[in-house]
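**Q** got a sequence here, can you build the structure:
(chains A and B)
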Amino acid sequence: SQQGEEDPQALSIQEGENATMNCSYKTSINNLQWYRQNSGRGLVHLILIRSNEREKHSGRLRVTLDTSKKSSSLLITASRAADTASYFCATETGANNLFFGTGTRLTVIP
Amino acid sequence: DAGVIQSPRHEVTEMGQEVTLRCKPISGHNSLFWYRQTMMRGLELLIYFNNNVPIDDSGMPEDRFSAKMPNASFSTLKIQPSEPRDSAVYFCASSLALGQPQHFGDGTRLSIL
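**A** Just a heads-up that it's a prediction; the model follows:
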């Protein structure tokens, strides 16, 4: 069964607005990773946050992790049309592979 | 830098035929993963290798599916015989080590008629 569950399933915003996506998972993790997938392409790794970290930044991306709630959020600030894609969280539980969620489909309207 | 290379990008074949998907991981990466993505089931891990050795093939749906990694720079996923329900996009990914960020190829879109 899949470990991660993203929320919402789909999100539509205007260019310039911020986009927030959430991920919930079920068991203890070593790290949590966020990926982006453009239509017709493979997944691209965005950011990794370890279980002992609470927040991490990379450019316009901000990821938070709350291990007590088994949840993470991805914030994209000042969104652009090029950010339109599906976003997936993936958890690494010590089983040495990643469990991917079902994804959030983000549409940024120019 | 060359990323993960998959071939073919598209494959259309009739049910019952053998299908072979190919993957060249990033040089120096020790772990290789095969995934299947469909609208209904999302992204499913089929099998993964570490240092060319299969570690977990519990995601392989049936005996019709097999995967090999004869060396560090090449892997194949074979379906024999193929069925219409095997239609999906198949991704290969590699990583420096297990648990580390994975680099995906652009996938093979497989259609079984």
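
**Q** find the residue closest to residue B:50 in space, skipping its chain neighbours.
**A** Leaving out its chain neighbours, the residue that sits closest to residue B:50 by Cβ to Cβ, 6 or more residues apart in numbering or on different chains is residue B:31, at 5.1 Å. C-betas here are computed from N, CA, C, even on glycine.

**Q** what about that neighbour, distance to residue B:64?
**A** 25 Å (Cβ to Cβ, to the nearest Å).

**Q** the two: which has the busier surroundings?
**A** residue B:31 (21 against 15; other Cβ atoms under 10 Å in any protein chain shown).

**Q** and stretch A:4-20, what's its mean pLDDT?
**A** Taken as a whole, stretch A:4-20 has a mean pLDDT of 92.

**Q** tell me how far that stretch lies from the chain's centre.
**A** In terms of Cα atoms, centre = their mean, to the nearest Å, the centre of stretch A:4-20 is found 10 Å from the chain centre.

**Q** which residue ranges of chain B form helices?
**A** For chain B, no helices are identified by DSSP state H.

**Q** show me what from it comes close to chain A.
**A** Taking Cβ under 8 Å from any Cβ of the partner chain, the part of chain B that reaches chain A is made up of B:4, B:33, B:42-43, B:45, B:48, B:50, B:55-56, B:91, B:93, B:98-99, B:101-107.

**Q** among these, which are located in strands?
**A** B:33, B:42-43, B:45, B:48, B:50, B:55-56, B:91, B:93, B:103-104 (DSSP state E).

**Q** re earlier: pLDDT score for the residue nearest to residue B:50?
**A** Looking at residue B:31, the pLDDT reads 95.

**Q** then residue A:93?
**A** At residue A:93, pLDDT is 84.

**Q** now do residue B:1
**A** Looking at residue B:1, its pLDDT stands at 63.

**Q** can you give me the neighbour number for residue 19?
**A** Picked chain A for this. What residue A:19 shows, counting by other Cβ under 10 Å, is a neighbour count of 20.

**Q** wait, I meant chain B there
**A** Based on other Cβ under 10 Å, the number of other residues close to residue B:19 is 20.

**Q** verify the stated contact: it with residue B:78.
**A** Yes. With contact defined as Cβ atoms under 8 Å, residue B:19 reaches residue B:78; the gap is 6.9 Å.

**Q** ok, the ones in strands among the residues of chain B next to chain A vs residue A:47, which is closest?
**A** Set against residue A:47, the nearest of those by Cβ to Cβ is residue B:103 (14.4 Å).

**Q** where does chain B dip in pLDDT?
**A** Residue ranges of chain B with pLDDT under 70: B:1.

**Q** quick check: bridge partners of residue B:79?
**A** Here residue B:79 sits in beta bridges with residue B:19, residue B:65, going by DSSP bridges.
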